[in-house]
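J.: Next one to model:
(4 chains)
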Number of protein chains: 2
Amino acid sequence: MNARGRPRGFDREEALKRAMNIFWRRGFDNTSISDLTDAMGLNPPSIYAAFGSKEQLFLEALDLYSQTNGDGIWDYLESANTAHQAIWMLLRATAENYTRGTSPRGCMIVLSAPQMEGGNATVCEELKERRQQNVSLLQRRLERAIVEREIGRETDCTSVAAYFTCVQHGMSIQARDGASRETLLAIADSAMAGWGALVSPA
Amino acid sequence: MNARGRPRGFDREEALKRAMNIFWRRGFDNTSISDLTDAMGLNPPSIYAAFGSKEQLFLEALDLYSQTNGDGIWDYLESANTAHQAIWMLLRATAENYTRGTSPRGCMIVLSAPQMEGGNATVCEELKERRQQNVSLLQRRLERAIVEREIGRETDCTSVAAYFTCVQHGMSIQARDGASRETLLAIADSAMAGWGALVSPA
DNA sequence: CGATTTATGTAACGGACGATACACATCGAG
DNA sequence: CTCGATGTGTATCGTCCGTTACATAAATCG
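T.: Coordinates of the predicted model:
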């Protein structure tokens, strides 16, 4: 009992990758089905048969983005030995990731649909949740650093996580506005300058 | 030779204010003429006669935003005695400004149209230029602080300005995502924590 | 071989968009 | 008053949007 009917005439993953790139560059609302058919080399019925709708296609593209572009950044959180090193490398990896010549600049999750009203509600909510998950990841890493006695028990992990997340989000805007990799790396370093004052002593 | 013809039946400034609010909340592309007619209480021909086009209306609304909402923030840059105090107050004022109950959260200039492709090119370019002007303002204030011997001559004013601008931009995203005033104020304080390491000694 | 199932290409759907044509209302000038 | 000028309301323009109907192509199943 194998695939019945006419087989799909295109590579679904390749098509999804192209959709991701154009959503990333133009955002959800500013990407039309016509844009997608051009970029994916498909006609509308093929897209709808394979992905369901523009909204579902975007959500799949968002998953692909998180897996292929996000992980390279967030892996450092757990792999680095200290929270200080982890966040520093996270920010520096972000700077490099946001200024790759071949990819759109900045983060798809931050830039795709910043308006909470007027656009697609499901998409907005999904993006918002993913952004907030990143705050939680940072916060948990800081709490782990308390347990491991890297930083003191008095550290306000929630505020510090919000601060570094804020810097990362801001880097998306700067990257989209054309900031150089050097500028973003300098921002990453600057953001770490206050570390000693942000965490309480171990 | 005074105003000939039928006089305008509405308050132009009040209508512009309402347009600003809805553009601020929904962004440029996600605000339709229908949204504007509802919010402004006008029919399309009245809007077009008074403001020209959706694009021109937005640009006027953007000017109004800068005058009524931006100045409260940026005035501190020149009025404060030191660059340190100026930037700190700038960030704290930003935190308060972005979390006023009556207004949309976050900055209109940052959130209205973050995509450089697919939307209105003129609007995108205008917003980008205004964002970059803010970097220049910060940079000049830091250079003044060098002249006034508040900070050392080795300070990398460009990088430091980019860093604080980045924090401010990030606060717009956080505010739009629902961050509390306390969270944003904590971010402002956190961002200042590295000041001593960011500037060279006087 | 049909019969069935799935994918594709063409062509178009209803609806929303930004923007206007047109008739009418309301002003100042003469 | 009449005349020219300008604002307003209705009703609509052409275009693009996301989506789909329909006929046809290409595969498996019996």
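
J.: Quick one: mean pLDDT for stretch A:83-91?
T.: Throughout stretch A:83-91, pLDDT has a mean value of 98.

J.: Show me which residues of that stretch are buried.
T.: Using 16 or more other CB atoms under 10 Å in any protein chain shown as the test for burial, stretch A:83-91 gives A:83-84, A:86-91. No exception for glycine: its C-beta is placed from N, CA and C like everyone else's.

J.: out of those residues, which are inside strands?
T.: Using DSSP state E, no member of the buried residues of stretch A:83-91 falls within strands.

J.: Same list, these, but as TSV with distance to B:S34 please.
T.: Shown next, in TSV, are the buried residues of stretch A:83-91 (distance: CB to CB, whole Å):
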residue	distance to B:S34
A:A83	50
A:H84	52
A:A86	48
A:I87	45
A:W88	48
A:M89	48
A:L90	43
A:L91	43
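
J.: Say whether DNA strand C is contacted by the helix ranked longest in chain A.
T.: Using DSSP state H, we find that the single longest helix of chain A is helix A:121-147. No. Legend: contact between helix A:121-147 and DNA strand C by CB under 7 Å from any atom of the strand is lacking; minimum distance shown is 14.4 Å.

J.: ok, is that helix in contact with DNA strand D or not?
T.: No. Contact of helix A:121-147 with DNA strand D (CB under 7 Å from any atom of the strand) is absent, the minimum separation being 10.8 Å.

J.: Report the buried residues of that helix.
T.: For helix A:121-147, by 16+ other CB under 10 Å, it's A:123-124, A:126-128, A:130-131, A:134-135, A:137-139, A:141-146.

J.: coming back round to it: of the buried residues of stretch A:83-91, which is the nearest to B:T37?
T.: Checking those against B:T37 by CB to CB gives A:L91 as the nearest, at 45.0 Å.

J.: Quickly note the distance from the spatially closest residue to A:I33 that is not a sequence neighbour to A:D11.
T.: Nearest non-adjacent residue to A:I33, counting by CB to CB, 6 or more residues apart in numbering or on different chains: A:P44, 5.8 Å away. Going from A:P44 to A:D11 by CB to CB, to the nearest Å gives 18 Å.

J.: Also A:V160?
T.: Distance of A:V160 to A:D11, given as CB to CB: 44 Å.

J.: Up against DNA strand C, what does chain A have?
T.: A:4-10, A:42-46, A:49-50.

J.: burial measure for the residue of chain A found nearest DNA strand C, as a count.
T.: Closest contact between chain A and DNA strand C, by CB to the nearest atom of the strand, is at A:G5 (1.9 Å). A count of nearby residues for A:G5, using other CB atoms under 10 Å in any protein chain shown, gives 5.

J.: How confident was the prediction at it?
T.: pLDDT, A:G5: 92.

J.: tell me the SS of it?
T.: When classified by DSSP: H, G, I helix; E, B strand; the rest coil, A:G5 comes out as coil.

J.: Does the helix or strand of chain A with the lowest mean pLDDT reach chain B?
T.: In chain A, no helix or strand scores lower on mean pLDDT, DSSP states H and E than helix A:71-79, which sits at a mean of 88. No. Using CB under 8 Å from any CB of the partner chain, helix A:71-79 stays clear of chain B, with a minimum separation of 15.6 Å.

J.: do stretch A:48-57 as well
T.: No. Using CB under 8 Å from any CB, stretch A:48-57 stays clear of chain B, coming no nearer than 13.7 Å.

J.: Straight-line length of that stretch, end to end?
T.: 9 Å (CA to CA, to the nearest Å).

J.: That one vs DNA strand D: in contact?
T.: Yes. Using CB under 7 Å from any atom of the strand, stretch A:48-57 reaches DNA strand D at A:48, A:53-55.

J.: and if you look at stretch A:61-72?
T.: No. Judged by CB under 7 Å from any atom of the strand, stretch A:61-72 and DNA strand D are separated, with a smallest distance of 13.3 Å.

J.: ok now that stretch, how far from the chain's centre?
T.: Distance of stretch A:61-72 from the chain centroid (CA atoms, centre = their mean, to the nearest Å) equals 7 Å.

J.: Could you give me the buried positions within that stretch?
T.: Residues of stretch A:61-72 classed as buried by neighbour count (16+ other CB under 10 Å): A:61-62, A:64-65, A:69-70.

J.: Switch those over to JSON lines; also include secondary structure.
T.: JSON lines is the format used below for the buried residues of stretch A:61-72 (three-state DSSP):
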{"residue": "A:A61", "secondary structure": "helix"}
{"residue": "A:L62", "secondary structure": "helix"}
{"residue": "A:L64", "secondary structure": "helix"}
{"residue": "A:Y65", "secondary structure": "helix"}
{"residue": "A:N69", "secondary structure": "helix"}
{"residue": "A:G70", "secondary structure": "helix"}
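
J.: Columns pLDDT on top of those, output as TSV?
T.: Below are the buried residues of stretch A:61-72 laid out as TSV (pLDDT from 0 to 100):
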residue	pLDDT
A:A61	98
A:L62	98
A:L64	98
A:Y65	97
A:N69	91
A:G70	79
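
J.: which among these gets closest to A:W195?
T.: A:G70 (23.7 Å).

J.: Next one: the closest one from chain B, what distance?
T.: 16 Å (CB to the nearest CB, to the nearest Å).

J.: pLDDT score for the residue lying closest to that residue once chain neighbours are set aside?
T.: Leaving aside its sequence neighbours, A:G70 sits nearest to A:I109 (CB to CB, 6+ apart; 7.7 Å). We note a pLDDT of 97 for A:I109 in this prediction.
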